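Novice: let's see this in three dimensions:
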Amino acid sequence: MNKEYMTVRLALLALFACFFLSHPVLAQTSSPTPSLTVTTTPSISVTTTPELTPTNTPSPTVTSSPLAISSQLKINAQYPWNKDIPVTIELSPRIDAQILEVRWPTRTGFTISPKTATLRNVQKDSTYSVTFIFSPIGTGLQRFSAELILTTSESKYISSVPLEITLNSQKLVTPITDGYKQYEILMYAGIGIILFIVVPASIFLFFFYIKNKLIPKWVKTRLNEPL
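Specialist: Numbering: from 1, shown residues only. So this is what the prediction gives:
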């Protein structure tokens, strides 16, 4: 009995051994959790160029001040031969300035030349004279002003000088001035000299030249020709 028991036991042990050898027990291995790979994108550093703020040159302060410029306007005698009128303005700045301008308005009863006059680097208490030629294109009362602009590095002073001229239907300045009458006398005297002295003298000299120079020379040439 013991011998059979032992034989059965050995057979069972051999059977278990074969089973375990052919079917090994797999140890449970936990599958590793995949680690997340974080790729860090390098940050782009943006260099911002500071915005340039333009430096504005301060503009001169505009001031309406007639005291900055002393002015005097003079209407000269009208010319009878073309009816032009010279107008002179004398300017005396009370301060040193870079520019002194005289501007006439666009719409007037005259064609003004020049329309604008500019003086540069004017000196305090100095007198500057500017003459404009007014050619009448209208009639009646003409009333307007010239704008005076005195410009320094800090300020701009503006004033005006008025002008008033009356023209009759022949575009003559009224009342007629003595200067116009004198010009008229000189004009007619010049016309008389030309018509009664210069022209007759020129005709006489030309006739004398023909008589005493050209004709004798022609006659002499004809006489010396062979027959």
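
Novice: where do the helices sit along this structure?
Specialist: 2-22, 178-193, 199-209, 215-223 (DSSP state H).

Novice: now this protein, which segments are flagged as low pLDDT?
Specialist: Within the chain, the stretches with pLDDT under 70 are 1-11, 13-60, 62-66, 225-227.

Novice: swap in 80 and give it another go.
Specialist: Residue ranges of the chain with pLDDT under 80: 1-67, 204, 208, 211-215, 217-227.

Novice: those strands in it, which residues are they?
Specialist: Here the chain has its strands, by DSSP state E, at 61-64, 69-75, 85-93, 97-103, 110-113, 116-122, 128-136, 140-151, 155-167, 173-174.

Novice: burial count for Glu101?
Specialist: 17 (other CB atoms under 10 Å). In short, each C-beta sits where N, CA and C put it, glycine included.

Novice: ditto for the one 5 residues further on
Specialist: Thr106 is surrounded by 7 other residues when neighbours are defined as other CB under 10 Å.

Novice: now for the residue nearest to it when sequence neighbours are not counted: which residues touch it?
Specialist: Spatial nearest neighbour of Thr106, chain neighbours left out: Lys115 (7.6 Å); criterion: CB to CB, 6 or more residues apart in numbering. Going by CB atoms under 8 Å, 6 or more residues apart in numbering, Lys115 touches Arg103, Trp104, Thr106.
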